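1. Next one to model:
(one chain, ligands or ions: 2)
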Amino acid sequence: MVEIRLTNTLTRRKEPLVPLDPRNLRLYLCGPTVYDRAHLGNARPVVVFDVLYRLLRHVYGAQHVSYVRNFTDVDDKINASALARQAAGAPGTLESLIAERTAETIGWYHADMDALSALRPSIRGEVSDRAEPRATAYIPQMIAMIETLVAQGHAYAAQGHVLFEVRSCPGYGRLSGRSIDDMIAGARVEVAPFKRDPMDFVLWKPSDASLPGWDSPWGRGRPGWHIECSAMSEALLGQSFDIHGGGIDLQFPHHENEIAQSCCAHPQAGFASIWLHNEMLQVEGRKMSKSLGNFFTVRDLLDQGIAGEVIRYVFLMTHYRKPMDWTADKVREAEATLRRWRALAGDAGDGAAPDAGLVEALADDLNTPGALARLHQMAREIAGGGGTGDGRRAVFLSSARALGLLAAQADQAPRGPDLSELRDRLQALRIAAKASKDFSDVDALKARLAAAGVAVRMTADGVELTAGAGFDPAAILRLEQQP
Ligand SMILES: Nc1ncnc2c1ncn2[C@@H]1O[C@H](COP(=O)(O)OP(=O)(O)OP(=O)(O)O)[C@@H](O)[C@H]1O
Ligand SMILES: [Zn+2]
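-> Ligands and ions are numbered 1, 2, ... in the order given. Just a heads-up that it's a prediction; the model follows:
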């Protein structure tokens, strides 16, 4: 079996991946906060971890890999953006504005990441909403974990908040490699009267009547960001799992705090064995970020006619542990290469095993530049002729596909009817209607879905859409394009 080696941020070494359970290799990636389109930087971890996910599926088998990537759909940035839209005159309650926006953003995220040929997360190979948990669906688990931390003396309640007491956690700072005192000196920690120590961070905070909130032992409130991932990873992957990932910007404080919470709640468990972090996509030497305003979205590039596969290739050109820039030269190189490679692969058959040298490059800490170099070499050999052309072309094609490149046209076209965006929209309208007692928008969308051959079933926890007889994809497309 191929030995996979990964650089573990926790130990700062390249280490062999030793699965806790080879029949269920478990991977958690911190997903997006859903209030806006993903920018190109947000797509880098998705592509990097998709390469890892594909490699794990190749080595261990798709049913033996679980990949969970969450949606953070409760967050102060989401609240602030909904409040701003309300202030600008958008109709509806804050709750309905938030529900609409998070559902819409999740639909955009899926469409954009699908365009980059990123496989959807799955649990033991099964793609479902469970593999992409929304934080708001796991509030009871978060409350239970906070209660455990309070009971074990690692957290305290004060003025409607619950704070994690950082100095109660022996290994705190190990992931980021800093002492608590250095962190206080270097970080912009929020000093607040209810904190015993400025480093203590929020597990739970109070919500006034105008903000989303849930009942808890500490009053109506909402979770802090860090506890979301600790609770969701435990619920779906267990107290110990193999790999936890994200961008390097999450190393501190988000991941340091996740470790503190999970390891103090379950001192006998290991939490994540390997911490894997991708470096940043930069613009003129600075991280591309919403707050700096130096960003463009994946959708902007797709709309300019740059193929998702080209964006993916540009990411693969740089090793994940190095910062990178997006340049027009790289785009030209990717487009020319992919055009040549498609022509070379021609009608090669599917199903060959990928080249061992390429798999070896990926197993060596996801060396994607090395894997691309191997593909270039294979392409030169095929172009140079030689008798066994067909077999070589089949290996070339499956090797490119191991990297998520040269997908079959059928894979790129939407597979069957994807009704998730419309389902999310109907659900958002329904939440809004419950608040406003005006169901006319819900009824109108239901009628249009029925006319397009879609059966609608409303249950206590959600909406189910199924394509029935008379399903009309063109009508669905028109519905999707209507605001
Ligand atoms: N410039 C970047 N390069 C690579 N990864 C990034 C970049 N910016 C954010 N990420 C990663 O994107 C993922 C989603 O993060 P999230 O939705 O919280 O974005 P964000 O941090 O709010 O973005 P921003 O920093 O622009 O506000 C995280 O894993 C984060 O590390
Ligand atoms: Zn997280």
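2. What mean pLDDT does the strand or helix carrying residue 55 get?
-> Using DSSP states H and E, residue 55 sits within helix 40-60. The average of the pLDDT scores along helix 40-60 is 98.
3. Alongside ligand 2, which residues does the stretch 1-150 of the chain contribute?
-> Counting by C-beta under 5 Å from the ion, the stretch 1-150 of the chain comes close to ligand 2 at residue 30. Where you see a C-beta, it was placed from the backbone N, CA and C, and this is true even at glycine.
4. Stretch 45-56 near ligand 1 at all?
-> Yes. Using C-beta under 6 Å from any ligand atom, we find that stretch 45-56 touches ligand 1 at residue 45.
5. what does stretch 105-114 give?
-> No. Contact between stretch 105-114 and ligand 1 is absent, the nearest approach being 9.4 Å (criterion: C-beta under 6 Å from any ligand atom).
6. Check the offset of that stretch from the chain's centre.
-> Between the centre of stretch 105-114 and the centre of its host chain there is 10 Å, according to C-alpha atoms, centre = their mean, to the nearest Å.
7. can you check stretch 268-288 too?
-> 13 Å.
8. Return the set of buried residues in that stretch.
-> Across stretch 268-288, burial judged by 16 or more other C-beta atoms under 10 Å covers 271-283, 287-288.
9. quick one: low-confidence parts of the protein?
-> Scanning the chain for pLDDT under 70 picks out 186-188, 386-388, 409-418, 469-470, 473-474, 477, 480-483.
10. Point out the residues in it that sit beside ligand 1.
-> Close to ligand 1, as judged by C-beta under 6 Å from any ligand atom, the chain has residues 30, 32-33, 41-42, 44-45, 246-247, 249-250, 278, 280-281, 287-291.
11. Pull out the buried residues from the residues you listed.
-> Here, 16+ other C-beta under 10 Å leaves 30, 32-33, 41-42, 44-45, 246-247, 250, 278, 280-281, 287-289 buried among those.
12. Return the subset of those lying in helices.
-> 41, 42, 44, 45 (DSSP state H).
13. The second one against residue 32, yeah?
-> Looking back up the chat, that one is residue 42. Yes. If you go by C-beta atoms under 8 Å, residue 42 and residue 32 touch, sitting 5.9 Å apart.
14. show me the contacts for the residue of the chain found nearest ligand 1.
-> Using C-beta to the nearest ligand atom, the closest approach of the chain to ligand 1 is made by residue 247 at 2.0 Å. Residues in contact with residue 247 (C-beta atoms under 8 Å, 6 or more residues apart in numbering) are 30, 41, 44, 45, 277, 278, 279, 280.
15. how about the strands in the stretch 51-200 of the chain?
-> If DSSP state E, counting those that start in this stretch is used as the criterion, the strands of the stretch 51-200 of the chain fall at 65-69, 155-158, 161-164.
16. Can I get the first one in CSV, CA atoms only?
-> Which is strand 65-69. Below are the C-alpha coordinates for strand 65-69, written out as CSV (Å, rounded to 0.1, in the frame of the first residue of the first chain):
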residue,chain,number,x,y,z
VAL,A,65,-12.9,7.7,3.6
SER,A,66,-15.1,10.3,5.4
TYR,A,67,-14.6,13.9,4.5
VAL,A,68,-16.6,16.5,6.4
ARG,A,69,-16.6,20.2,5.5
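17. Can you tell me what sits against that strand?
-> 24-31, 49, 53, 56-57, 121-125, 131-133, 232-233, 236-237.
18. What angle do helix 40-60 and that strand make with each other?
-> Angle between the axes of strand 65-69 and helix 40-60 is 170 degrees (criterion: axes from the mean of the first three to the mean of the last three C-alpha atoms, to 10 degrees).
19. How far does strand 65-69 sit from its chain's centre?
-> 10 Å.
20. Use 21 as the first number for this chain going forward.
-> Sure, I'll start numbering at 21, so the last one becomes strand 85-89.
21. Next, the buried residues of it.
-> Using 16+ other C-beta under 10 Å as the test for burial, strand 85-89 gives 85, 86, 87, 88, 89.
22. Present the strands of the stretch 71-220 of the chain as a markdown table; the columns should include distance to residue 136.
-> Supplementary listing: those in a markdown table, determined by distance: least, C-beta to C-beta, whole Å:
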| stretch | distance to residue 136 |
| --- | --- |
| strand 85-89 | 14 |
| strand 175-178 | 39 |
| strand 181-184 | 36 |
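23. Out of these, which is closest to residue 385?
-> strand 85-89 (18.4 Å; C-beta to C-beta).
24. hang on, the earlier thing: could I have the buried ones of the contacts of strand 85-89 as PyMOL selection syntax?
-> Applied in PyMOL, the following selects the buried portion of those according to 16+ other C-beta under 10 Å:
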select buried, resi 44+45+46+47+48+49+50+51+69+73+76+77+141+142+143+144+151+152+153+252+253+256+257
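25. Share the number of residues neighbouring residue 171, please.
-> Burial of residue 171 is recorded as 10 neighbouring residues (other C-beta atoms under 10 Å).
26. of all of the stretch 121-270 of the chain, which residue lies closest to ligand 2?
-> residue 249 (3.1 Å; C-beta to the ion).
27. give the contact list for that residue.
-> 48, 50, 90, 274, 278.
28. Now intersect the residues you listed with the helices, please.
-> Those of the contacts of residue 249 lying in helices (DSSP H): residue 278.
29. Pick the one among the contacts of residue 249 closest to ligand 2.
-> residue 50 (3.2 Å).
30. For ligand 2, state which of the buried ones among the residues of the chain next to ligand 1 is nearest.
-> Distances from ligand 2 to those, taken by C-beta to the ion, are shortest for residue 50, at 3.2 Å.
31. Assess the claim that residue 455 and residue 116 are in contact.
-> Yes. At 5.5 Å, residue 455 counts as touching residue 116 under the criterion of C-beta under 8 Å.
32. Tell me which of these two has more neighbours.
-> The neighbour comparison of residue 455 against residue 116 (other C-beta under 10 Å) goes to residue 116, with 22 against 13.
33. ok, now how distant is that one from residue 169?
-> Using C-beta to C-beta, to the nearest Å, residue 116 is found at 33 Å from residue 169.
34. Domains in this structure, by residue range?
-> 25-298, 301-432, 440-501 (automatic domain parsing).
35. Just name the most buried of those domains.
-> Of all those, domain 25-298 carries the top mean neighbour count, a mean of 19, counting by mean count of other C-beta atoms under 10 Å.
36. now the helices: where do they sit in the stretch 121-270 of the chain?
-> Taking DSSP state H, counting those that start in this stretch, the helices of the stretch 121-270 of the chain run over residues 159-171, 200-206, 245-257.
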